[in-house]
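> Curious how this folds, go ahead:
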Amino acid sequence: MAARQIKILEVDHGGHQSRLRLPAPLRYLQIRHPEKRTDDLIIPIVVGVVGWAIYLAIDPRPALFGDNGLLRFTRDLLVMAVPFMIGALAAVSMGAPGPNLDRRPIGAELWLDNDPLTMRQFLCFLLGYLSFLGLVVLISVVAAGLLRDAVLAWTAAVPHVQFALRAAGSLALALSMSFLSVTVLWSLYFLTDVANRKGG
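Below is the predicted model of the structure:
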């Protein structure tokens with residue numbers, strides 16, 4: 001008997017069908033835990049704003065564009081990091097590194113859609129969020145480099161608009177890299193500490 005083909009509409013995410021499939025990794029932000037709001041939002045925003053303020057206070061200010069610009073270094077970093085994160089997500093979702101992740105974390109539970117998550121489920125959401133965030137930042141950085149000359153030409157007669165765009169762009173870069181960096185550090189903490197805790 002021929003096997004029935006599974007349609008994409010039959011794939012459920014966290015107990016209910018995901019209506020928006022491409023931004024599905026953002027469901028990581030819906031996971032509930034006493035510390036997640038601080039780790040996912042408050043700390044990255046504070047770090048990003050402080051980093052942006054330091055950037056504005058530096059004189060001479062580091063360039064955003066060019067061979068030695070911040071966007072070039074960001075792009076080179078993400079070109080290496082994004083494939084690594086996607087590969088790590090694939091490995092974890094397929095069962096690596098072993099059954100140790102197929103249990104709930106010791107301490108406060110992780111919840112999504114009123115269901116407790118195992119450490120493997122949480123790590124899949126975490127790595128998916130990291131991959132999604134890294135890919136979005138990479139695309140944005142490349143787009144900024146490609147559109148720079150056109151934007152400068154359009155705003156040549158309005159210098160205050162150019163200043164506002166530079167300020168907004170540098171803030172967006174600082175926040176995006178802060179969210180990415182803090183989440184990477186959180187994932188390292190989870191893998192090295194939380195995932196290896198033993199019940200007492």
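> element containing residue 136?
helix 119-154 (DSSP states H and E).
> residue boundaries of the helices in this protein?
36-37, 43-57, 70-93, 119-154, 159-192 (DSSP state H).
> What about residue 40, how many residues nearby?
Other residues within reach of residue 40, judged by other C-beta atoms under 10 Å, total 19. Placement of C-beta: from N, CA and C, glycine included.
> Please disregard the earlier target; I meant residue 161.
Neighbours of residue 161 (other C-beta under 10 Å): 13.
> What of the one 3 residues further on?
The local packing of residue 164 (other C-beta under 10 Å) involves 12 other residues.
> and it, how far is that from residue 82?
30 Å (C-beta to C-beta, to the nearest Å).
> and residue 174, what does it touch?
48, 49, 51, 52, 55 (C-beta atoms under 8 Å, 6 or more residues apart in numbering).
> Closest to residue 140 out of those residues?
residue 48 (14.6 Å; C-beta to C-beta).
> Next up, the contacts around the closest one.
Counting by C-beta under 8 Å, 6+ apart, residue 48 has contacts 171, 174, 175, 176, 177, 178, 179.
> The closest residue in space to the fourth one that isn't next to it in sequence - how many residues pack around it?
When you say that, I think you mean residue 176. Using C-beta to C-beta, 6 or more residues apart in numbering and skipping the chain neighbours, the partner closest in space to residue 176 is residue 137 (4.7 Å). By other C-beta under 10 Å, 23 other residues sit near residue 137.
> Quick check: residue 137 vs residue 82, distance?
9 Å.
> swap in residue 140?
In terms of C-beta to C-beta, residue 140 sits 13 Å off from residue 82.
> Of those two, which one has the most company?
Neighbours per residue (other C-beta under 10 Å) separate residue 140 from residue 82, with residue 82 holding more: 19 against 16.
> right, and that one touches residue 134 too?
Yes. Using C-beta atoms under 8 Å, residue 82 is in contact with residue 134, at 4.3 Å.
> right, so of the helices of the chain, which gets closest to residue 104?
Counting by C-beta to C-beta, and looking across all of the helices of the chain, nearest comes helix 119-154 at 7.0 Å.
> Tell me the buried residues in the closest one?
Neighbour-count burial for helix 119-154, counted by 16 or more other C-beta atoms under 10 Å, picks out 119-138, 140-141, 144-145, 148.
> which other helices and strands contact that helix?
Secondary-structure packing of helix 119-154 (3 or more C-beta pairs under 8 Å, 6 or more residues apart in numbering; DSSP states H and E): helix 70-93, helix 159-192.
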